[in-house]
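A.B. asks: Okay, structure incoming, though there's no sequence with it:
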């Protein structure tokens, strides 16, 4: 039996490379990176992270969380019909065509697939090419799909909390009053590969109680499914890390609530519909609440009279090595008060070999940072400020 499991794990992993969503997400992550770099160069004449940043975030944490979820899925024996896997892939691709990255959150793709599976099963529709797969999905409600959705929601929240706030992209916009202000934007994609149990003819039941969430079958196969998780958030009224991590905590809480409700679907399958509805509506409400709350706050990154607000830090620049942080206020450079970018660089030129800054941190405390400057260092220290419209045009030209 152990040999059967090992062989099936290898086969299941290989099947993932036949999944179109895997390659689509890799290409789309590359497009996101290129678009971000283009916008940052337009705003600041320099990019923050390179164009491959989004690609580098695509796998590492997602693979780790996917491994944990795979253990949970296999240990509990949470089996889903192959028709559900097909529909999730289809709706993942279709929702991405809306150009709204946030609609690639699991609540929408898996939730839509869940209700579509119910409708197809109820009406016994004939689906070309995959007729047999949908014919085998003869049950009207699948509590196991609701369980998977709940686990994916929790995973989404963890990814947002742990990784979403890393490398947020600075952006310049014009406020309703016509002022040039700064915001931060997160557009992130993750791939979450999870081993799924589907009806097959390979794996026998290793325990009398396994699988818990079965489909009435006695044998199963493994399939490593690359689930897509998309996240998009623009922050204007608070620090990016604080805003993104708050949203991550809310998504985790929604996932736990959905999981508790969906577990009851094991005994009362109709409750699974309630669980999936809570996930979809709840995820949309969280996005709405975050957007409305943020829009009602004053702009955090705006021009200040007593210093220069740091909107962004270029990685590996002198500013990065001086441990300057986004949201801090530079008030003095080499002992000279600064109020705009021109006075900042004029003060910086007073000592080409050394730089000393007086900074007010995000807690309102004054601190001093200094560093020797070397030939080859970024001539602007690697700090991104909120530029006035005139200065922005001059930089672009």
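C.D. replies: That came through fine. No experiment lies behind these values; they were computed from the predicted model shown. Numbering: from 1, shown residues only.
A.B. asks: in the protein, what residue sits furthest out from the centroid?
C.D. replies: Most distant residue from the mean C-alpha position of the chain: residue 350, 43.2 Å away (CA atoms, centre = their mean).
A.B. asks: Let me see the contact set for the spatially closest residue to it that is not a sequence neighbour.
C.D. replies: Leaving aside its chain neighbours, residue 350 sits nearest to residue 334 (4.9 Å; criterion: CB to CB, 6 or more residues apart in numbering). To be clear about C-beta, it is placed using only N, CA and C from the backbone, and glycine gets the same treatment. By CB atoms under 8 Å, 6 or more residues apart in numbering, residue 334 lies in contact with 347-348, 350-351, 354-356.
A.B. asks: ok, 6 Å please
C.D. replies: 347, 350-351, 356 (CB atoms under 6 Å, 6 or more residues apart in numbering).
A.B. asks: any chance you could map the helices in the stretch 51-200 of the chain?
C.D. replies: 53-57, 60-76, 82-96, 106-123, 131-136, 143-159 (DSSP state H, counting those that start in this stretch).
A.B. asks: quick one: least confident of the contacts of residue 334?
C.D. replies: Across the contacts of residue 334, no position has a lower pLDDT than residue 351, which has 79.
A.B. asks: That one: what secondary structure?
C.D. replies: With DSSP: H, G, I helix; E, B strand; the rest coil as the basis, the three-state label of residue 351 is coil.
A.B. asks: which non-adjacent residue is nearest it?
C.D. replies: Leaving aside its chain neighbours, residue 351 sits nearest to residue 334 (5.3 Å; criterion: CB to CB, 6+ apart).
A.B. asks: Residue 358 belongs to a strand, doesn't it?
C.D. replies: Yes: assessed with three-state DSSP, residue 358 lies in a strand.
A.B. asks: what sits opposite it in the beta ladder?
C.D. replies: Residue 358 has these beta-bridge partners by DSSP bridges: residue 332, residue 368.
A.B. asks: The chain should start at 44 in everything you say after this.
C.D. replies: Got it, the first residue is 44 from now on, which makes the last one we talked about residue 401.
A.B. asks: so how far is residue 413 from it?
C.D. replies: 10 Å (CB to CB, to the nearest Å).
A.B. asks: neighbour-wise, which of the two wins?
C.D. replies: Neighbours per residue, other CB atoms under 10 Å: of residue 401 and residue 413, the larger number sits with residue 401, 20 against 11.
A.B. asks: is it true that that one touches residue 374?
C.D. replies: Yes: if you go by CB atoms under 6 Å, residue 401 and residue 374 touch, sitting 5.1 Å apart.
A.B. asks: any chance of the contacts of residue 377 in TSV, with distance to residue 56 too?
C.D. replies: Shown next, in TSV, are these (distance: CB to CB, whole Å):
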residue	distance to residue 56
390	58
393	60
394	58
399	55
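A.B. asks: isn't residue 156 right up against residue 134?
C.D. replies: Yes: contact criterion CB under 6 Å: residue 156 and residue 134 qualify, at 5.2 Å.
A.B. asks: Of the two, give the one with the bigger neighbour count.
C.D. replies: Neighbour count, other CB under 10 Å: between residue 156 and residue 134, residue 156 has more, with 24 against 20.
A.B. asks: all strands for the stretch 294-440 of the chain, in order.
C.D. replies: Secondary structure of the stretch 294-440 of the chain, counting by DSSP state E, counting those that start in this stretch: strands at 351-352, 355-356, 372-376, 379-380, 397-403, 409-415, 426-427.
A.B. asks: The first one: partners in the sheet, and parallel or antiparallel?
C.D. replies: To tie it back to what came earlier, the one meant is strand 351-352. Sheet pairing of strand 351-352 (DSSP bridges) gives strand 372-376 (antiparallel).
A.B. asks: The strand it pairs with vs strand 397-403, what angle?
C.D. replies: Here strand 372-376 points in a direction 140 degrees away from that of strand 397-403 (axes from the mean of the first three to the mean of the last three CA atoms, to 10 degrees).
A.B. asks: now for the longest strand along the chain, which elements pack on it?
C.D. replies: In the chain, with assignment by DSSP state E, the single longest strand is strand 223-246. Packing partners of strand 223-246 (3 or more CB pairs under 6 Å, 6 or more residues apart in numbering; DSSP states H and E): helix 45-59, helix 63-87, helix 103-119, strand 212-217, strand 263-278.
A.B. asks: Can you report how many residues lie near residue 219?
C.D. replies: 5.
A.B. asks: Sorry, slip of the keys, the one I care about is residue 297.
C.D. replies: 23.
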